[in-house]
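Q: 3D model of this:
(3 chains)
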Amino acid sequence: MNTRPYVFPGATAAASLRQLRASAPLVHCLTNDVVQSFTANVLLALGASPAMVTDPAEAAQFSAVADALLVNVGTLTRPHAEAIHAAIHAANQAGKPWVLDPVAVGGLSWRTEFCLGLIKLKPAAIRGNASEIRALSGLSASGRGVDSGDDSLSALPAAQQLALGTGAVVAVTGETDYVTDGERSWSVPGGHLMMTRIVGTGCSLSAVVAAFAALPGKRLDNVTAACRVMSCAGERACAVVKGPGSFTPEFLDNLYLMREEWLNGENIG
Amino acid sequence: MNTRPYVFPGATAAASLRQLRASAPLVHCLTNDVVQSFTANVLLALGASPAMVTDPAEAAQFSAVADALLVNVGTLTRPHAEAIHAAIHAANQAGKPWVLDPVAVGGLSWRTEFCLGLIKLKPAAIRGNASEIRALSGLSASGRGVDSGDDSLSALPAAQQLALGTGAVVAVTGETDYVTDGERSWSVPGGHLMMTRIVGTGCSLSAVVAAFAALPGKRLDNVTAACRVMSCAGERACAVVKGPGSFTPEFLDNLYLMREEWLNGENIG
Amino acid sequence: MNTRPYVFPGATAAASLRQLRASAPLVHCLTNDVVQSFTANVLLALGASPAMVTDPAEAAQFSAVADALLVNVGTLTRPHAEAIHAAIHAANQAGKPWVLDPVAVGGLSWRTEFCLGLIKLKPAAIRGNASEIRALSGLSASGRGVDSGDDSLSALPAAQQLALGTGAVVAVTGETDYVTDGERSWSVPGGHLMMTRIVGTGCSLSAVVAAFAALPGKRLDNVTAACRVMSCAGERACAVVKGPGSFTPEFLDNLYLMREEWLNGENIG
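A: Model (predicted):
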């Protein structure tokens, strides 16, 4: 379980991106208050279509119509928890994939218990940092908050265990991302320290994972493609900007303009 | 009713903009969670003053003091619905105009019923896409979410009917915007496909409509001026940026710097 | 009490900034819905670590772990008020500083009463505009909303009275900021009119005040350093941008790149 996974091929990422742009999936985002605008703009730049519908009854109605559902517990409240349950139930009934972003799980009690309940509801994918994935898998975590104190590779065994236990594709992200279905795993290089200085890069990646989880074909590959598309836009932006303020416009432009050959990772700088 | 309306004159838009900058209306925004920051920044860039006050009792107190009220149902919840009713009642009592943005009406049941109730409460203006305006007017809609599946011109008859039935000025927006009081109508060209790739361009237009609805003079012209000011900033920004990330700063700068002669639409590119 | 305070020395600001970057304080932000993303990005750009945890039980758990707590009442609701009380109680129990941003206090009744209760709970610092500080101090205010109708210097006596009455360091901000512990006071020049055209510059300053309030050493100096760091980034950005849209990326980049010698205020333009 501990050998370092192969780097995900750019051509496979490109094939998923082509499908995404052709189908423009509608993603229902039940995400946290801090990142809603950035998340919507990331999905729009890529060619997907976001919507945030938060009343429990409407959330259920909408999840049955949307192509995928994102659940992010960053600013979880009791009413949001109710909407999340209603939306997941409706998505499962309609056969639509849903994705979990377990923000700060392990560090805070209520959301940890809440998310340990959610992973029994058949998520298509789970995207978190090392401490969050460890906490969900039952292994110990060291995080105080949204930033992980663990290296992503060291959490790969926890991710594999979580994938096998839930049936979800699990992405543990950091400077390098690792994505696994429990049996096969990929690595995605390209993270950059500056991306930890902009709020929402991880949260919006989870929304992109939801968009890619709506595509036909191998889910492991589609989820890994989501990670690669985002790391590619990020590394290209970091190569030309002077700080996190100018990163955001450049990052979104790169998502919008992304060419398939960029995903091979050979023409940076 | 089906002839194509004349293009709104730039000089009339410029006159309204001059009034707006001189009076700096205070706009109470009860809008959705996704676009609050962008909406505030759009109003500030133009020279208006935004505020978001969401507790029902405070919302009522504030709407009586503000110059206009925006109601947007994008992320409607039960507590927001209560605040909206309190604020509309107070605005009407104080003689202040209020504007409705019926996000995703037609596609979701509860908000459709809610907005069909609201339009009986004498909105000064209603701003939506074609499917939303059709749904409010009682004609059928094809939208799944916030993006309209209908062409804006084809929804002009629905907009006219809605205007006559409610007394509101109705703006149905798209690649070209159409604004009507039921008897007279204007068209506003200048929309650009890239503007559909940034969240909040429609929602912030509704806030700008509220700001312009606070001005003295012909409401039809003032509301149409709001549409023209936004389309002008948008087309100028689209002409020089490479993607939706760099669009946002450029768009806001154009609102801030806007010169009256730009509104004639003759000096793009 | 009415002599104009001395300008805060750049070297003292630089010393506080060095400490902030070395310790990377974790700031729990209970702030308003409009500015959450910008606030998080400001803290991240400076090297601090933001988190927003809004359920009352989790907010209490998190405030005991975080290094400082920000309370901003801009979009106060009953559930937020409950979370604020729980978080303040936990922060005080754990000996962690908390900071109040009394948005629109004086203009709206419920939040005024609420904040007059909060200032009895030993805030480490209070940051507001002139009309807000006057209203909290018991002197009359003229504000309708978030923008102050008063000059910041004229509110310095109210700030001093509020500081003496609460034990908090009080910052009254405007074109020039004044910071006082009731006995000693500093002035911080460098504000720019354009910064009133971007939402969240004041609110994010309050979050930065919370981050600096977590540092060891003289609290008056640390809070004043927060004001100076922000005014420095703002004046540098305003010197090169053409409008409020391009201000935001440039401002965040300046926070990220800030060099200690910039704080002396001698190399602008």
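
Q: residues near A:Leu121, how many?
A: Counted with other Cβ atoms under 10 Å in any protein chain shown, residues neighbouring A:Leu121 total 16. Yep, even glycine has a C-beta here, placed from its N, CA and C like the rest.

Q: give me the pLDDT for it.
A: pLDDT, A:Leu121: 98.

Q: ok, A:Ile268 next?
A: On the pLDDT scale, A:Ile268 gets 42.

Q: can you check A:Gly190 too?
A: With respect to pLDDT, A:Gly190 has a value of 84.

Q: chain neighbours aside, what residue packs nearest to it?
A: Spatially, and ignoring its direct neighbours in sequence, A:Gly190 is nearest to A:Ser231 (3.4 Å; Cβ to Cβ, 6 or more residues apart in numbering or on different chains).

Q: how close does that neighbour sit to A:Leu263?
A: According to Cβ to Cβ, to the nearest Å, A:Ser231 stands 10 Å off from A:Leu263.

Q: around A:Val241, how many other residues sit close by?
A: Neighbours around A:Val241, by other Cβ under 10 Å: 18.

Q: A:Leu100 touches A:Ile126, doesn't it?
A: Yes - assessed by Cβ atoms under 8 Å, A:Leu100 is found in contact with A:Ile126 at 4.8 Å.

Q: overlap in contacts of those two?
A: Listed as contacting both A:Leu100 and A:Ile126 by Cβ atoms under 8 Å, 6 or more residues apart in numbering or on different chains are A:119, A:168.

Q: tell me how many other residues crowd the closest residue to chain B within chain A.
A: Going by Cβ to the nearest Cβ, chain B is nearest to A:Leu252 of chain A, at 2.8 Å. Look at A:Leu252: counted by other Cβ under 10 Å, it has 27 neighbours.

Q: so what's it up against?
A: A:41-42, A:45, B:243-246 are the contacts of A:Leu252 under Cβ under 8 Å, 6+ apart.

Q: CSV for the residues you listed, including secondary structure, distance to chain C and neighbour count?
A: Compiled in CSV, the contacts of A:Leu252 are given as follows (DSSP: H, G, I helix; E, B strand; the rest coil; distance: Cβ to the nearest Cβ, whole Å; neighbours: other Cβ atoms under 10 Å in any protein chain shown):
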residue, secondary structure, distance to chain C, neighbour count
A:Asn41, helix, 11, 29
A:Val42, helix, 13, 29
A:Ala45, helix, 16, 24
B:Gly243, coil, 14, 20
B:Pro244, helix, 13, 26
B:Gly245, helix, 10, 28
B:Ser246, helix, 9, 22
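
Q: which one among those gets closest to B:Leu26?
A: The closest of the contacts of A:Leu252 to B:Leu26 turns out to be A:Asn41 (Cβ to Cβ; 27.7 Å).

Q: how about the contacts made by that closest one?
A: Taking Cβ under 8 Å, 6+ apart, one finds A:252, B:198-199, B:244-245 in contact with A:Asn41.

Q: and what of A:Phe38?
A: A:199-200, A:203-204, A:248, C:37.

Q: same thing but at 6 Å, please
A: Shown in contact with A:Phe38 (Cβ atoms under 6 Å, 6 or more residues apart in numbering or on different chains): A:200, A:204.

Q: and the one 4 residues further on, by the same measure?
A: Contact partners of A:Val42, counting by Cβ under 6 Å, 6+ apart, are A:Ser204.

Q: what does chain A put close to chain C?
A: A:33-34, A:75-77, A:108, A:110, A:144-146, A:197, A:199, A:242-246 (Cβ under 6 Å from any Cβ of the partner chain).

Q: quick one: low-confidence ranges for the stretch 51-200 of chain A?
A: A:140-150 (pLDDT under 70).

Q: how about the residues of it by chain B?
A: A:51-52, A:54-55, A:57-58, A:61, A:65.

Q: list the buried residues of stretch A:48-59.
A: Residues of stretch A:48-59 classed as buried: A:48-56, A:58-59 (neighbour count, 16 or more other Cβ atoms under 10 Å in any protein chain shown).

Q: and the contacts of stretch A:111-129?
A: Here stretch A:111-129 makes contact (Cβ under 6 Å, 6+ apart) with A:73, A:76, A:88, A:97-102, A:105, A:148, A:166, A:168-171, A:206, A:209, A:213, A:223.

Q: ok, now with 7 Å
A: A:71, A:73, A:76, A:81, A:88, A:92, A:97-102, A:104-106, A:135-136, A:148, A:162, A:166-174, A:202, A:205-206, A:209, A:213, A:219, A:223, C:58 (Cβ atoms under 7 Å, 6 or more residues apart in numbering or on different chains).

Q: let's see which of those end up in strands.
A: Per DSSP state E, strands hold the following members of the contacts of stretch A:111-129: A:71, A:98-101, A:169-172.

Q: can you add neighbour count and give those back as CSV?
A: CSV is the format used below for those (neighbours: other Cβ atoms under 10 Å in any protein chain shown):
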residue, neighbour count
A:Val71, 28
A:Trp98, 28
A:Val99, 30
A:Leu100, 31
A:Asp101, 30
A:Val169, 29
A:Val170, 33
A:Ala171, 30
A:Val172, 32
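
Q: closest one of those residues to chain C?
A: A:Asp101 (14.6 Å).

Q: wait, what's in contact with the closest one?
A: Per Cβ under 7 Å, 6+ apart, neighbours of A:Asp101: A:70-72, A:127-128, A:203, A:206.

Q: over to A:Ala48?
A: A:20, A:24-25, A:27, A:211.

Q: hmm, back to that, now render the contacts of A:Asn41 as JSON lines, adding distance to C:Thr12.
A: Formatted as JSON lines, the contacts of A:Asn41 follow (distance: Cβ to Cβ, whole Å):
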{"residue": "A:Leu252", "distance to C:Thr12": "39"}
{"residue": "B:Ile198", "distance to C:Thr12": "42"}
{"residue": "B:Val199", "distance to C:Thr12": "42"}
{"residue": "B:Pro244", "distance to C:Thr12": "42"}
{"residue": "B:Gly245", "distance to C:Thr12": "38"}
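
Q: circling back: on contacts alone, who are the packing partners of the helix or strand containing the residue nearest to A:Gly190?
A: Here A:Ser231 is covered by helix A:219-238, with elements defined by DSSP states H and E. Packing partners of helix A:219-238 (3 or more Cβ pairs under 7 Å, 6 or more residues apart in numbering or on different chains; DSSP states H and E): helix A:10-23, strand A:169-172, strand A:177-180, strand A:185-188, helix A:201-213, helix A:244-257.

Q: what is the orientation angle of it with helix A:10-23?
A: Counting by axes from the mean of the first three to the mean of the last three Cα atoms, to 10 degrees, helix A:219-238 lies at 100 degrees to helix A:10-23.

Q: okay, among the contacts of A:Asn41, which ones form the most distant pair?
A: B:Val199 and B:Gly245 (12.1 Å).

Q: how much space between the nearest residue in space to A:Glu260 that is not next to it in sequence and B:Arg197?
A: Spatial nearest neighbour of A:Glu260, chain neighbours left out: A:Ala14 (3.7 Å); criterion: Cβ to Cβ, 6+ apart. Counting by Cβ to Cβ, the gap from A:Ala14 to B:Arg197 is 20 Å.

Q: swap in A:Ala66?
A: Taking Cβ to Cβ, one finds A:Ala66 at 19 Å from B:Arg197.

Q: next: A:Val71.
A: 24 Å.

Q: now do the same for A:Ile119: helix, strand or coil?
A: helix (DSSP: H, G, I helix; E, B strand; the rest coil).

Q: wait, what's in contact with the closest residue to A:Gly200 other than its chain neighbours?
A: Spatial nearest neighbour of A:Gly200, excluding adjacent residues (Cβ to Cβ, 6+ apart): A:Val35 at 3.6 Å. Neighbour list for A:Val35: A:199-200, A:203-204, C:37 [criterion: Cβ under 7 Å, 6+ apart].

Q: lovely, talk soon.
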